[in-house]
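[1] Predicted model follows, preceded by the sequence.
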Amino acid sequence: MSSPVAAGAPPPKATRTILLLSTEIHTDLALPASPDVAERFSFMAADGLDPSQPGVAYIIAGWGGRSFYIETPTWSDLSPGPVFNALTYDRSVMHMALAGDIDRDHPTVTPVELDEDAFERLMQGVLASFSLDGSGERIVVPGAQYGEYDLFYEAEGLFTALAGCNVWTGATLRQAGLRTGWWTPLPGLLILSLKLHNPDYRLAS
């Protein structure tokens, strides 16, 4: 039997659940690949990465330093050049990937529930992070891929030790209306501040 609803009560707000994905040093945002979201990222299809293809559950977006991001897909690929750039400054890139189902209970996954207005602001923040060419098109980085289901694009802003990937993730979440610490250079700090500074209902179970 359904729960009674008071007469004249406003309907519950629609929500979208995004996922904050973390490693020891990096965070990404996984956006649900619903048809309307896939349409917003349809420009990737022309570059060989179609977000509307069958089996795609999430579109993953991350921002980072060009050298470290592209030249260091795993720790075994670490070399002095990208490390030096990461500690000084570097041009930035957006890393876009497609994924199937993601286990929300995995310790590296933090689900975050957003209402439609907040989700739209987050989408605008992600899309505004791409650099555009003179024709207003996103600029794919040629030959830069980890595998079959990812691409790199030129991005806005410079990557520095003080303004790295996790700072970008925090800023994008704040644009959606969430609160985080004022400086979150590491994933652990970002996730801790997200849980400390937001009402429980903003974080999905």
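    On my side now, so go ahead.
[2] switch to C-alpha atoms for all contacts and neighbour counts from now on
    Noted.
[3] Now do the residue nearest in space to the middle of the chain against Pro111, distance only.
    The centroid of the chain falls nearest to Leu29 when counting by CA atoms, centre = their mean (2.5 Å). The gap separating Leu29 from Pro111 is 10 Å, by CA to CA, to the nearest Å.
[4] State the distance from the closest residue to Ala128 other than its chain neighbours to Ser129.
    Nearest-residue entry for Ala128: Glu156, 8.0 Å, with adjacent residues in sequence omitted and distances by CA to CA, 6 or more residues apart in numbering. With distances taken as CA to CA, Glu156 is found 5 Å from Ser129.
[5] for Glu113, same thing?
    For Glu113, the distance to Ser129 - CA to CA - is 22 Å.
[6] Can you mark which positions in the host helix or strand of Leu98 are buried?
    Using DSSP states H and E, Leu98 sits within strand 89-99. Using 16 or more other CA atoms under 10 Å as the test for burial, strand 89-99 gives 89-99.
[7] Equivalent analysis for stretch 46-56, please.
    49-52, 56.
[8] distance between that stretch and the chain's centre?
    In terms of CA atoms, centre = their mean, to the nearest Å, the centre of stretch 46-56 is set 17 Å apart from its chain centre.
[9] what's next to that stretch, contact-wise?
    33, 35, 38-39, 41-42, 44-45, 59, 98-101, 140, 149-151 (CA atoms under 8 Å, 6 or more residues apart in numbering).
[10] Could you do stretch 116-128 as well?
    13-16, 61, 156, 172-173, 175-177.
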